[in-house]
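In: this is a predicted model, with the sequence first.
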Amino acid sequence: MPKRAVTKGVISAGTWTLVKIVMSAIATPVFARTLGAEGYGQYAYYLAVMMLAAPIANLGTSQSITKFVAEQPDNRGLHSTIALFAGRMNLLATITVCGLLLAFLMIGPQPRHSPLTIAIIIVASIALEQVWYFGKGILYGLHREELATLPATLGAVIAPILGIALAMMGWGLFGVMLGVLAANLASALLTIFYVNRFVDWRKTDSIPASNDNVLWFGVHSMLFAALSMALYKTDIILVRTLASDADAGIYAAAVQWTEFTWLIPIAIEGVMLQATSHLWAEGRLPEVAHLLARTLRYTALATGFLLVVVFVFADQILLLYFGPRFVAASLPLRILVPGVFSFSLARVVWPVIQARGSIQQLVGIIGAAFVINLLLSLLFIPRWHTTGAAIATTISYGGVVFMYAWQLRIHGIRTFEGFPGARLLVLIAISIVPVVPIVLYLPSSLLSVSAGIIILTTFYFGGALRLRLISTHETEKIIESFPSLIRNIIARPFHILRPVLVRMEGSLRTEAIG
């Protein structure tokens, strides 16, 4: 797979993730203020339930399709055979999960208004989302990530806009959930339209792996995805159950801001399975290691900057964004930062292990992390509420990436060989120091955040060049891979600053994702 194709896939997935984050950033304070802490806690609870149910309903078929299609991207008969077989598995699992979930929602804690209607909306949304997952598997396997992310981007826009409009019209939680349903419907229809352009459903071929292999790869992928989602969302459900709706809303606010920082990891995660499947199949381990090393470095650098911003300005951000009632989320937010950074690296590593076919090992690792998180949450949340949930999550997140690295080491890949961990810590330290006086002494939250981010950005990325964490040449190559409209906007100021940047970095030249 050419490097430019990897970059194109990352940019496509990154664009969708960025739109989703921006729209969520716009909608979240509106929802929090319109629904109140209790209503926002209910909303976060339902989203968590949906995110837990979705991978189980998918049965891992999206990943199965991507892996086996990516191994032979030119075999159209194979594509339709895999898609039809996996689609039947997906349909059966969706019907089963939706039926069980509908019963669970009617038995569990109920919202104040329209419990049956909201339950039906949730189940219908999950069913429609499976159509997108199915199409995404095919399009990702064909390295047409942009055609899978376009419908998802459309949905990411529709859901908050419609939800905000209906919530402000007095529809409350019901209106917000109706926005999710409409978004999933639009995404499903557009995805199937694109898939039909690439798959001839009448043409079939034999699957190189047996149906049992496809099935078991899918089942293990489903278990991994479900356990991963449980690791992300169980703490919110437990906070609501063991504490209160208000605590769930406050904790959801902290989690929301940590998830905003996962832009780059999620984008890279979305392409690593199809980017490395054929490399494993052809035994090209040095290329796997080289690609992984570059993407880990970029992920650490970008996510580290965003998490430093969140850590330093947590109080001001929460006050400006959510309002005074949510400032209590600042402590759990800061506690979550190191765990979130560790897991951002894990997001890049796990698809590489999955591409090799070692999905059972992934299930074991993420299952252990989930059990640790569950036990610690049950122990800490009744005592320390949202702070206890954050401690449990950070501990369980922290060790996952090292377990993944150990798994790759068994197969000949040294994940962190040459990783600039010490230089990154130095960079973070020298970037935070100049900002501390601004945080402590500027009275205005808005002025503090604005001035502080400007100074932090200058020191962070200037220091990254001096410490050789990235080069001007790399940055230039990455800019060249963006779509022309975005490239033209970025390129002009970059070329103006380029002589200064080159002098800052000295003689460093490193290879970029081209």
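Out: That came through fine. Numbers count the residues shown, from 1 in each chain.

In: quick one: end-to-end length of stretch 396-405, please.
Out: 16 Å (CA to CA, to the nearest Å).

In: can you pull the buried residues of that stretch?
Out: For stretch 396-405, a neighbour-count test (16 or more other CB atoms under 10 Å) marks Ser396, Tyr397, Gly398, Gly399, Val400, Val401, Phe402, Met403, Tyr404, Ala405 as buried. All C-beta spots, glycine's among them, are computed from the backbone N, C-alpha and C.

In: sec struct for the closest residue to the fourth one other than its chain neighbours, please.
Out: Just to be clear, that refers to Gly399. The shortest distance from Gly399 to any non-neighbouring residue, by CB to CB, 6 or more residues apart in numbering, is to Ala369 (7.1 Å). Under the three-state scheme (DSSP: H, G, I helix; E, B strand; the rest coil), Ala369 adopts helix.

In: hang on, Ala369 packs against Ser396?
Out: Yes. Using CB atoms under 8 Å, Ala369 is in contact with Ser396, at 4.8 Å.

In: list residues touching both of these two?
Out: By the contact definition CB atoms under 8 Å, 6 or more residues apart in numbering, Ala369 and Ser396 are jointly contacted by Leu231.

In: go through this protein and flag its longest helix.
Out: helix 3-58 (DSSP state H).

In: show me the strands in the stretch 51-200 of the chain, by range?
Out: Along the stretch 51-200 of the chain, no stretch is classed among the strands by DSSP state E, counting those that start in this stretch.

In: can you pull out the helices in it?
Out: Applying DSSP state H, counting those that start in this stretch to the stretch 51-200 of the chain gives helices spanning 61-71, 76-107, 115-141, 145-166, 172-195.

In: residues contacting the first one, please?
Out: What it means is helix 61-71. The contact list for helix 61-71 (CB under 8 Å, 6+ apart) reads 78-79, 82-83, 86-87, 89-90, 93, 133-134, 136-138, 140-143, 207-209, 214, 217-218, 221-222, 225, 273-274, 277-278, 281, 354-355, 357.

In: make a PyMOL selection of the buried ones in those.
Out: To isolate the buried ones among the contacts of helix 61-71 in PyMOL, judged by 16+ other CB under 10 Å, type:
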select buried, resi 78+79+82+83+86+87+89+90+93+133+134+136+137+138+140+141+142+143+207+209+214+217+218+221+222+225+273+274+277+354+355+357
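
In: ok so, going back, which secondary structure elements does the longest helix of the chain contact?
Out: Packing partners of helix 3-58 (3 or more CB pairs under 8 Å, 6 or more residues apart in numbering; DSSP states H and E): helix 76-107, helix 115-141, helix 145-166, helix 172-195, helix 211-242, helix 245-259, helix 263-281, helix 314-321.

In: and those, which one is worst for confidence?
Out: Note on the helices and strands packed on helix 3-58: lowest mean pLDDT is at helix 211-242, with a mean of 77.

In: tally up the residues packed near Ile107, please.
Out: Here the count is done by other CB atoms under 10 Å, and Ile107 has 8 residues near it.

In: do Ala48 as well
Out: Using other CB under 10 Å, Ala48 has 22 other residues around it.

In: do the same with the one 10 residues further on
Out: Taking other CB under 10 Å as the neighbour definition, Asn58 ends up with a count of 29.
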